[in-house]
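Participant: Turn this into a model:
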Amino acid sequence: MTGTMNAQLIDRTEAEAYATWFKALSDPTRVQILNLLALADGPMSVGEIVEQVGVGQSTVSHHLKLLADVRFVFRERQGTSIFYSINVACVACFPSAADAVMGRPAASARSAD
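Facilitator: Next comes the predicted model:
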C-alpha cells in the first residue's frame, strides 16, 4: 500500500535525537524522577529523590545521569552535593518530537539544545 506523504521525513540526526529522548523515558523510575522534579519547588538532592521514589541511591544516581545526558535535568554542584532540577525547555520539546515522528507539524525540538 502506498500513500502520499504530506509531511517531510525527519532526517537521521533528528531521528537519533528523538530516539535518545524516547529511550530516556522508557523506564518508569526515570518518568517518576522527572515528574518529581517538575513538581518540586526547587532543585533536589539525590537523597531527597531517593526518599520520594523508593529505590536505592545508586539506582537513582544512574537514572539521573541518563536524564542529564539527554538534558532533561540540570545538575548543579553545591559544595560536596549535586542538586538536580528539571530542564523545562528541553522537556517541553518532547511532545513536538512525538508530533514530528507522527508526521504532524511540530515546533523545532532543537531550540532546547
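
Participant: Any figure for the gap between the residue sitting nearest the centre point of the chain and Arg104?
Facilitator: Centroid-nearest residue in the chain, with Cα atoms, centre = their mean: Phe72, separated by 3.6 Å. As for Phe72, its distance to Arg104 is 22 Å (criterion: Cβ to Cβ, to the nearest Å). The way it works is simple: take the backbone N, C-alpha and C, and place the C-beta from them, glycine included.

Participant: One more: Gly56?
Facilitator: Taking Cβ to Cβ, one finds Gly56 at 40 Å from Arg104.

Participant: got the contact list for the closest residue to Ser81 other than its chain neighbours?
Facilitator: Nearest non-adjacent residue to Ser81, counting by Cβ to Cβ, 6 or more residues apart in numbering: Ser45, 5.4 Å away. For Ser45, the contact set (Cβ atoms under 8 Å, 6 or more residues apart in numbering) comprises 81-84.

Participant: Of those residues, which is the most crowded?
Facilitator: The most crowded member of the contacts of Ser45, judged by other Cβ atoms under 10 Å, is Tyr84 (24 neighbours).

Participant: That residue sits in which helix or strand?
Facilitator: Using DSSP states H and E, Tyr84 maps to strand 81-86.

Participant: other SSEs contacting that strand?
Facilitator: helix 28-39, strand 44-45, helix 46-53, strand 73-78 (3 or more Cβ pairs under 8 Å, 6 or more residues apart in numbering; DSSP states H and E).

Participant: Need the contact partners of that strand.
Facilitator: With contacts defined as Cβ under 8 Å, 6+ apart, strand 81-86 is touched by 34, 37-38, 40, 42-46, 49, 64, 68, 72-77.

Participant: just to revisit the earlier point, now distance to Val60 and pLDDT too, for the contacts of Ser45, in JSON lines please.
Facilitator: Output for the contacts of Ser45, formatted as JSON lines (distance: Cβ to Cβ, whole Å; pLDDT from 0 to 100):
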{"residue": "Ser81", "distance to Val60": "14", "pLDDT": "91"}
{"residue": "Ile82", "distance to Val60": "12", "pLDDT": "94"}
{"residue": "Phe83", "distance to Val60": "13", "pLDDT": "97"}
{"residue": "Tyr84", "distance to Val60": "9", "pLDDT": "97"}
